[in-house]
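In: pasting the sequence and the predicted model now:
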Amino acid sequence: MFTIKHAAEQVGVSVSTLRAWERRYGVGTARRTESGYRLYDDEAVRALSLMQSLVRAGWSVRAAAEETHRRTTVTPAPSPAPSPVRATMGDSGADDSALVGVAASYDADGLAKVLDERFGTASFETVVDGWLLPALRQLGVAWESGRVTVAGEHLVAHGVVRRLSAAYDAAGDNQTAPRVVVGLPPGSRHELGLLSFATAARRAGLSTTYLGADVPVADWAEAVASRSAACAVLAVPTAADADAVADTVAAIEARSPDVLIGVGGSAQDLAPRRCLRLGHAIGPAAALLAHKLTRP
């Protein structure tokens, strides 16, 4: 438990700001002793630290408070309701040809417009699960059939990476939360689903380090150990990635035996049995991991 002075020091704001955030927005509610003194538990300090990171990132105080409440009240949804579109932390299908159209015409401005429209309609997680990843899968099918060139597919992929990277940065990093290292095993380059997950994990209140694609096994073990990570998350997008994931898991466990290892992706069932399966939807996967790492 923290006194208000200690909590303010941990968060990096003044005591009066802490009082104002609690009184006006209900963030970081303190417990009262019999003498009337405020005491803050770890969960309250995490919420306050998250709000402070959002404010520093440019959010208005009210918007930061609303986002803090959203992230800190997330509950896991291991069995989401059926949907006409099933997105995964890797690949799936969807009946949406917008990305195929902009790829076929090399229309970078059109891509920006499509992404603006889609991400302006709902939450990040809803758009990623309900539209983006399924639409990317359809783009892959179009490339395989010859309807889209490699250049067109790359144009879309790089545009989506830029959009996801901006969302990842905007989510901020809650430095007081458990650290999660996220990346792909050596030889694997299907990173759009995993970058989406890393962003959703930050939005769920976790602290993330995103390593990207094609990370060597030894570098994985070093990154997890040097960051004192509580968890490592890899994707298994295809069956061909399973052996590299198994090698990576073994190296991480040899160096950091207490680290939780989570896996996503279409072929996640092929990962070592001891790994935590995160499921096939980005939003519920991030919520599940946040619940696993932050609840007693």
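Out: Sure thing, it's come through.
In: C-alpha from now on. contacts and neighbour counts both.
Out: Noted.
In: where does pLDDT dip in this structure?
Out: 34-36, 57-58, 73-96, 296 (pLDDT under 70).
In: what's the domain layout of it?
Out: Using automatic domain parsing, the domain ranges for the chain come out as 2-72, 98-170, 174-294.
In: can you give me the strands in this protein?
Out: 2-3, 31-32, 38-40, 179-183, 207-212, 231-235, 260-264, 276-277 (DSSP state E).
In: could you check how far stretch 115-126 is from the centre of its chain?
Out: Put simply, stretch 115-126 sits 15 Å off its chain's centre (C-alpha atoms, centre = their mean, to the nearest Å).
In: quick check: end-to-end length of that stretch?
Out: Stretch 115-126 has an end-to-end distance of 13 Å (C-alpha to C-alpha, to the nearest Å).
In: which of the residues in that stretch are buried?
Out: Neighbour counts over stretch 115-126 (16 or more other C-alpha atoms under 10 Å) mark 115, 118-119, 124-126 as buried.
In: which of the domains of the chain sits most buried?
Out: Sort the domains of the chain by mean neighbour count, taking mean count of other C-alpha atoms under 10 Å, and domain 174-294 sits at the top with a mean of 21.
In: and of the buried residues of stretch 115-126, the nearest to Glu9?
Out: Phe124 (31.9 Å; C-alpha to C-alpha).
In: circling back to that earlier point, compile the buried residues of stretch 115-126 into CSV and extend it with columns for distance to Asp258.
Out: CSV is the format used below for the buried residues of stretch 115-126 (distance: C-alpha to C-alpha, whole Å):
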residue, distance to Asp258
Leu115, 40
Arg118, 40
Phe119, 37
Phe124, 31
Glu125, 29
Thr126, 33
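In: include distance to Leu155 when you put the strands of the chain into a markdown table, please.
Out: Converted to a markdown table, these look like this (distance: least, C-alpha to C-alpha, whole Å):
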| stretch | distance to Leu155 |
| --- | --- |
| strand 2-3 | 50 |
| strand 31-32 | 53 |
| strand 38-40 | 49 |
| strand 179-183 | 22 |
| strand 207-212 | 19 |
| strand 231-235 | 23 |
| strand 260-264 | 26 |
| strand 276-277 | 32 |
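In: nearest to Val249, out of those strands?
Out: Counting by C-alpha to C-alpha, Val249 lies closest to strand 260-264 out of those; the figure is 7.4 Å.
In: quick one: strands adjacent to that closest one?
Out: When sheet partners are counted by DSSP bridges, strand 260-264 sits next to strand 231-235 (parallel), strand 276-277 (parallel).
In: quick revisit: can you tell me which of the buried residues of stretch 115-126 are in helices?
Out: Mapping the buried residues of stretch 115-126 onto helices (DSSP state H) picks out 115, 118-119, 124-126.
In: ok, of those, which one's closest to Ser16?
Out: Phe124 (33.0 Å).
In: I'd like the distance between that closest one and Leu289.
Out: 17 Å.
In: ditto for Ala63
Out: Ala63 is 24 Å from Leu289, where distance means C-alpha to C-alpha.
In: Gly212 too?
Out: Computed as C-alpha to C-alpha, the Gly212 to Leu289 distance reads 19 Å.
In: okay, helices next: where are they in the chain?
Out: 4-11, 15-20, 42-56, 61-72, 98-104, 108-119, 124-127, 133-144, 150-171, 192-203, 217-226, 242-255, 282-294.
In: list of residues touching the third one?
Out: Yep, that's helix 42-56 we're talking about. For helix 42-56, contacts defined as C-alpha atoms under 8 Å, 6 or more residues apart in numbering pick out 1, 7, 10-13, 18, 27-30, 61, 64-65, 67-68, 72, 171-177, 205.
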